[in-house]
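*Asks:* would you be able to build a 3D model of this:
(2 chains)
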Amino acid sequence: MNVPDDLFYTDSHEWVRQEGENARVGITDHAQAELTDVVYVELPKVGAQAEARGQIAVVESVKAASDIYAPLKGTVVEVNKALEGNPALINTDPFGEGWIFVLKMDSPDDVKQLKDAAAYRAAIA
Amino acid sequence: MTTAAPKKTPLYEEHVRLGAKMIPFGDWIMPVQYSSIMDEHQAVRNNVGVFDISHMGQLVATGPAAGGWLNEMLTNNIDKLEVGSGQYTFLLNERGGIIDDLIVYRTAPEEFLLVVNASGTEGDFAWLKKHIPANVDLQNRSADYAGLAIQGPRVVELFQLLLGSDAELPARNQIGTFDYNGGKLTIGRTGYTGEDGVEVFFPARDAPKIWNEILEKGKTLAIRPCGLGARDTLRLEMCYPLNGSDLSPEHNPIEAGLAFFVDLSKPKFIGRDVLVQAKESGTANRLAAFRMKSKGPPPRPHYGVWLAGERIGEATSGTLSPSLNQGIGMAYLPTPHARAGTEIEIEIRGQKFPAVIEKKPLYKKS
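*Replies:* Below is the predicted model of the structure:
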């Protein structure tokens, strides 16, 4: 299972890439493998206020709808419109083209409270 | 809900070994998918797929009065069954509500095999036992048998590989017994997918060996093991009802649009009076099939159905149809609104999405 070293992770299987004061967010390879066949993504609205661990998006497989949680407190500044036409990007490239949204973090130091790659690897082992 | 450990079919270890995702299903733990519901669905539509249906129940009724008695317990007409033939039928309560849907085969002049839903097995058996006359014997043989549903357009080719090139499968809705590797396979030409296919039953101890031989022999036909996920998308495209979701003791077969499997010319069967009334005066609700009109989230069971600002029902089934690449579902709706072409809305997380009532089945093979 792919767990890139340069990302941060949540217990609910989101990943975070720190980009200055922004955080790009998606779901992990492990999460997409568990869900399989993503058929719909309900994106958050740009400008939405995200609470840490608050429900912010929905990823649907054939079988079920799964909530996606904001890893950090902040404001949604960008969403991945490509997922509207091609939700399967989450399956084929979870850490790249399959990103879901970008948050402008209220306090970028919050990423330190997330899991690093080693801790996440241990959590899903 | 029961707190007992989930029941495992004789193929549990094989599913785990293949990497299946296992989920609770009633009292059982069953594979929901092996790799991908989409791929498994397409395997059945285009080639062939194999499902573990060992959890389904087998009840055997025997005796000179067995046929006459079953005719008073079930909605379809047993007298129409020659030896080796089967029919889809319902077990009803006195209010005409559906206890279970099942297939009954006449396996000998005075012997009948009832293949019932896993979740219904205990209840069906108890209900039938309560009404059984002294000169009929009824056995619950569910634990003795494992079963596979093998479904898809290449099923005949598969059985020629398994049983020899001159092997001839029973005709649609027929059942037969075949010698296989020193044992016996009971093969019924039926299924729950809308494709050509069979349901095969054999002694539980033979299950892992037969399962692996079928997967091995089927390799050249691109066979895939398929889970409950694909079973649900395949059956819902065909609008085949799922007991516990689309069928329940609160609904009768007329409301469910399944009057074809009810013979009201029979003088007597449990629930008949209610069904005669339902047929004569019509039912307030009908089970309708719908299709989402736009790309959007797939419908799911219990989502609200709206018409002109009013909530008129809720979905009993819903999914993304892999064949149509659209959301589909079924719902009991007031009869005037259950007609094909009616525009409705499905409420998904507080937002309403347009849908339209369609004729059944939702999927037709081109």
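*Asks:* so what's the gap between the helix or strand containing residue A:76 and the chain middle?
*Replies:* According to DSSP states H and E, residue A:76 maps onto strand A:74-79. The chain centre lies 12 Å from the centre of strand A:74-79; the measure is CA atoms, centre = their mean, to the nearest Å.
*Asks:* wait, does it make contact with chain B?
*Replies:* No - taking CB under 8 Å from any CB of the partner chain as the criterion, strand A:74-79 and chain B are apart, separated by no less than 15.8 Å. Where you see a C-beta, it was placed from the backbone N, CA and C, and this is true even at glycine.
*Asks:* and that strand, what's its mean pLDDT?
*Replies:* In this model, strand A:74-79 has a mean pLDDT of 98.
*Asks:* buried sites along it?
*Replies:* Neighbour-count burial for strand A:74-79 flags A:74, A:76, A:79 (criterion: 16 or more other CB atoms under 10 Å in any protein chain shown).
*Asks:* next: stretch B:210-217.
*Replies:* For stretch B:210-217, by 16+ other CB under 10 Å, it's B:210-211, B:214, B:217.
*Asks:* the closest residue to chain A within the stretch 101-250 of chain B - nearest residue in space that isn't next to it in sequence?
*Replies:* The nearest approach of the stretch 101-250 of chain B to chain A comes at residue B:229, 5.2 Å away (CB to the nearest CB). Nearest residue to residue B:229, sequence neighbours excluded (CB to CB, 6 or more residues apart in numbering or on different chains): residue B:37, at 3.8 Å.
*Asks:* residue contacts, the one you found?
*Replies:* A:36-37, A:61-63, B:227, B:229-230, B:233, B:322 (CB atoms under 8 Å, 6 or more residues apart in numbering or on different chains).
*Asks:* closest to residue B:316 among the residues you listed?
*Replies:* Within the contacts of residue B:37, the smallest distance to residue B:316 is 15.2 Å, found for residue B:233 (CB to CB).
*Asks:* run a quick neighbour tally on the nearest residue to residue B:243 once chain neighbours are set aside.
*Replies:* Leaving aside its chain neighbours, residue B:243 sits nearest to residue B:117 (5.0 Å; criterion: CB to CB, 6+ apart). Residue B:117 is flanked by 20 other residues according to other CB atoms under 10 Å in any protein chain shown.
*Asks:* from memory residue B:117 sits against residue B:100, does it?
*Replies:* Yes - counting by CB atoms under 8 Å, residue B:100 is a contact partner of residue B:117 at 5.6 Å.
*Asks:* shared neighbours, those two?
*Replies:* With CB under 8 Å, 6+ apart as the test, residue B:117 and residue B:100 both reach residue B:243.
*Asks:* which parts of the stretch 151-300 of chain B are strands?
*Replies:* Here the stretch 151-300 of chain B has its strands, by DSSP state E, counting those that start in this stretch, at B:175-180, B:183-188, B:197-203, B:224-225, B:285-292.
*Asks:* repeat for chain A
*Replies:* Per DSSP state E, chain A carries strands over the ranges A:8-9, A:14-19, A:22-27, A:38-42, A:49-50, A:55-61, A:65-69, A:74-79, A:101-105.
*Asks:* one more: the stretch 1-150 of chain B?
*Replies:* Ranges of strands in the stretch 1-150 of chain B, per DSSP E, counting those that start in this stretch, are B:21-25, B:28-33, B:49-52, B:57-62, B:85-92, B:98-108, B:111-116, B:137-140, B:145-151.
*Asks:* which one of those strands is the most hemmed in?
*Replies:* Here the criterion is mean neighbour count by mean count of other CB atoms under 10 Å in any protein chain shown, and of the strands of the stretch 1-150 of chain B the winner is strand B:49-52, at a mean of 27.
*Asks:* do that one and chain A meet?
*Replies:* No - contact check for strand B:49-52 against chain A, using CB under 8 Å from any CB: none in range, with a minimum separation of 15.1 Å.
*Asks:* quick one: contacts for residue A:51?
*Replies:* By CB under 8 Å, 6+ apart, residue A:51 lies in contact with A:70, A:73.
*Asks:* any idea how far it lies from residue A:115?
*Replies:* 19 Å (CB to CB, to the nearest Å).
*Asks:* cool, residue B:365 as well?
*Replies:* Using CB to CB, one gets 49 Å for the distance from residue B:365 to residue A:115.
*Asks:* neighbour count winner among those two?
*Replies:* Ranked by neighbour count (other CB under 10 Å), residue B:365 and residue A:115 place residue A:115 first, with 19 against 9.
*Asks:* what's near enough to touch that one?
*Replies:* Here residue A:115 is in contact with A:8-11, A:123 (CB under 8 Å, 6+ apart).
*Asks:* wait, residue A:58 sits on residue A:67?
*Replies:* Yes - using CB under 8 Å, residue A:58 makes contact with residue A:67 at a distance of 6.0 Å.
*Asks:* who has more neighbours out of the two?
*Replies:* Between residue A:58 and residue A:67, residue A:58 has the larger neighbour count (other CB under 10 Å), namely 17 against 12.
*Asks:* grab the nearest non-local neighbour of the more buried one.
*Replies:* residue A:42 (4.0 Å).
*Asks:* and that neighbour, what is it in contact with?
*Replies:* Residue A:42 neighbours (CB under 8 Å, 6+ apart): A:57-60, B:297, B:349.
*Asks:* try residue A:113
*Replies:* With CB under 8 Å, 6+ apart, residue A:113 has no contacts at all.
*Asks:* I'd like the distance between it and residue A:10.
*Replies:* Per CB to CB, residue A:113 is found 10 Å from residue A:10.
*Asks:* do you know the pLDDT at residue B:24?
*Replies:* 95.
*Asks:* same thing with residue B:3?
*Replies:* 64.
*Asks:* all set, thanks.
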